[in-house]
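Student: What follows is a predicted protein model with its sequence.
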Amino acid sequence: MSVVNIKIEGISYQVEAGLTILEAAKACGYEIPSLCAFNHGECNQGSCRVCLVEATGARGLVASCVYPVAEGMEIRINTPKAVEARRRSVELLLSNHNQNCQQCDKNGHCELLHVAQLVGAREGAYVGSHSETFIDQLAPGLVRDTSKCILCGRCIARCTNAHGLGILGFENRGFNTIVSPAENRSFANSPCIQCGQCVTVCPTGALMEHSEIDKIDEAFRAGKHVIAQAAPAVRAALGEEFGYPIGTPVTGKMAAALRRLGFERVYDVNFGADLTIMEEGTELLHRLTSNGVLPMITSCSPGWVNYAEFNYSDLLPHLSTCKSPHQMQGAIIKSYWAEEHGIDPKDIFVVSIMPCTAKKYEKEREQEKVNGLPDVDAVLTTRELARLIRRSGMLFRKLPDEDWDQDIMGDYSGAGVIFGVTGGVMEAALRTVYFKLTGKEKQDIVFTEVRGHDAGIREASLDINGTVVNVAIASGMRSAKVLLDEIREGKSKYHFIEIMGCPGGCINGGGQPYVRPVFLPNEDDDILDTYKEKRANALYSEDERQVIRQSHNNPQIISLYEKFLASPNSHMAHELLHTSYAGKEGFPQL
Ligand code: FES
């Protein structure tokens, strides 16, 4: 590593060459306020001017988030000129910002408010015209409020970096500039996949999930049977909202909280994940043995399904017809569970707690409905659940660890738990496919080749009793595109591909708690590099603790087939648990 000698406030330091002043200052123990900078330059636009400092060799003040250190550089963070300039930058942003902070769901996580306090911004320092603003709330997954946007560009960079999509960009000029899908369209009328990655980096409340808390309040008021089911990745991150270190699983406290919020039953979507493996594993074996369309691609990520429908409609026959785990479980609650309890499915209101904003969109797809009824009635993100818990007055950390409800769908395997991390669906499926092909359980149950926590392609080739199964895993549409183009060109060597919409899988979903170093003083400095791995480990450790680790050994799954569905991929299973896809022509091609 080459180093350079610099001085900050007159004190000498040696720092890595190539760092920005902001990064070098941090390494030396200084936090320079910043807004548009994020994650090692992923989003540095140098646009907000909140990070201004003085540096020798530069003319005037420089944006420390983009200006690199140089040998012999002397940096002054706290000269009157620099302090005043940073304060003015923030005051100017505030002068055109919606200041209804009390009613903003971002309150408590708002970086603009945080830097305003840091720089000592004065109320009403600049008074002038306000840009015309509007709220785009047509999309089920996302809401965009231009009155809160500070034009930092982080969302634009994230959409491009994670997916190569570039759905968001700057539109208009000067004072009328906004961040928007092309042609000032709504998210709902653009090829946005509603994954919510843009929401995870927005420093203010300009991009948020489309909240459904009011809908749930209404269902309780209407006397519905309100049932909650929580996805695996939620337990790996919910604790962060209540001060637990990143990667602390809070399964028991989440079950206790949901029960105290008034849900009539609280279930783990891991049961639905086990059911998905039974259906998807059977579908894969069928395709392998009957010259079916290969490679088969997983279909449990609605962001990915959306992407396929917009951009690869010719490849839709490759997608598994299986619904995602929470949709499957919702369909079972409104059929099998309803029948067992003598309840009319119309009186049941199923709420999924998800790490994902695209699930809000998925539940509304016509192709998911059974007899005109949706499988799931509302979706809360992990962040919304935390808001509900805080509103209730419950002290989350003081809650006991409780079990999920055990009737009919309380059991789950370790395979179900790891669905929440990239590679997890593949590993879970392989455990069952191995058994189906050999009639024996695999002794070494961990498929290390498919494990990981980042975007990027992983692949493995497995010889199961003479049947070679080539598999690949991708998360984030940028990686997925490579595998999809290979299929399109007839060059794919794979039989089975797992694709997740968000980089790293559901643990890094667009509905998960924000990871902002400024609000996480007890986490290590490299938390933006390590949080996905920490959350993934929370799921892998829960898998290890399970007595049953293969979906086909879940006793309540066995009994569901014996009593109700008959067999995987049966007629009844197809009615309830499978879906279809359709290309979305009419939208602009990318
Ligand atoms: Fe440097 Fe915005 S943080 S200009």
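Tutor: Sure thing, it's come through.

Student: Please write out the alpha-carbon positions of stretch 571-580 in CSV.
Tutor: Output of stretch 571-580 as CSV, limited to C-alpha atoms (Å, rounded to 0.1, in the frame of the first residue of the first chain):
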residue,chain,number,x,y,z
HIS,A,571,-53.5,-30.5,-9.4
MET,A,572,-54.5,-28.8,-6.1
ALA,A,573,-50.9,-27.7,-5.6
HIS,A,574,-50.9,-26.1,-9.0
GLU,A,575,-54.2,-24.3,-8.3
LEU,A,576,-52.9,-22.8,-5.0
LEU,A,577,-49.1,-22.6,-5.2
HIS,A,578,-48.1,-21.9,-8.8
THR,A,579,-48.4,-18.8,-11.0
SER,A,580,-47.7,-17.5,-14.5
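
Student: which other residues reach the one helix or strand A472 maps to?
Tutor: Taking DSSP states H and E as the criterion, A472 maps to strand 467-475. Defining contact as Cβ atoms under 8 Å, 6 or more residues apart in numbering, one finds that strand 467-475 is touched by 288, 295, 422-423, 426, 430, 433, 437, 450, 452, 454-462, 480, 482-483, 493-505. For every residue, glycine as well, the C-beta is placed using N, CA and C.

Student: Near the ligand, list only the ones from those residues.
Tutor: Among those, no residue lies close to the ligand (Cβ under 6 Å from any ligand atom).

Student: Which PyMOL command selects the buried ones in these?
Tutor: A single PyMOL command suffices to select whichever of these are buried according to 16 or more other Cβ atoms under 10 Å:
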select buried, resi 288+295+422+423+426+430+433+437+450+452+454+455+458+460+462+480+483+494+495+496+497+498+499+500+501+502+503+504+505
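
Student: Narrow the contacts of strand 467-475 to those in strands?
Tutor: Using DSSP state E to define strands, the subset of the contacts of strand 467-475 located there is R458, E459, A460, S461, L462, F496, I497, E498, I499, M500.

Student: Enumerate the residues of the protein near the ligand.
Tutor: Within the chain, the positions near the ligand by Cβ under 6 Å from any ligand atom are S34, L35, C36, A37, G46, S47, C48, R49, V50, C51, A63, C65.

Student: most surrounded residue in those?
Tutor: With neighbours set by other Cβ atoms under 10 Å, the maximum within the residues of the chain next to the ligand is found at V50, which has 31 neighbours.

Student: I'd say that residue and R86 touch.
Tutor: Yes - with contact defined as Cβ atoms under 8 Å, V50 and R86 form a contacting pair (6.0 Å).

Student: Overlap in contacts, those two.
Tutor: Common neighbours of V50 and R86, counting by Cβ under 8 Å, 6+ apart, are P33, V119.

Student: Got phi/psi on the residue nearest to T321 when sequence neighbours are not counted?
Tutor: In space, T321 comes closest to H578 once its chain neighbours are excluded; the distance is 4.3 Å by Cβ to Cβ, 6 or more residues apart in numbering. Per-residue torsions, H578: phi -120, psi 160 (degrees, to the nearest 10).

Student: For A536, see how far away H578 is.
Tutor: The spacing between H578 and A536, counted by Cβ to Cβ, to the nearest Å, is 29 Å.

Student: what would the residues of the chain next to the ligand look like in TSV with secondary structure and pLDDT?
Tutor: As requested, those are arranged in TSV below (DSSP: H, G, I helix; E, B strand; the rest coil; pLDDT from 0 to 100):
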residue	secondary structure	pLDDT
S34	coil	93
L35	coil	92
C36	coil	90
A37	coil	86
G46	coil	85
S47	coil	86
C48	coil	91
R49	coil	93
V50	coil	95
C51	coil	96
A63	strand	95
C65	coil	93
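
Student: one step back: flag every buried residue along the strand holding A472.
Tutor: Taking 16+ other Cβ under 10 Å as the neighbour-count basis, strand 467-475 is seen to contain the buried residues V469, N470, V471, A472, I473, A474, S475.

Student: and the spatially closest residue to E264 that is not a sequence neighbour, what does it touch?
Tutor: Taking Cβ to Cβ, 6+ apart as the measure, E264 lies nearest to H225, with 5.3 Å between them; neighbours along the chain are not counted. The contact partners of H225, by Cβ under 8 Å, 6+ apart, come to E264, I343, D347, I348, F349.

Student: Could you do N78 as well?
Tutor: Residues near N78 by Cβ under 8 Å, 6+ apart: E9.

Student: Next one: it from V50, what distance?
Tutor: With distances taken as Cβ to Cβ, N78 is found 15 Å from V50.
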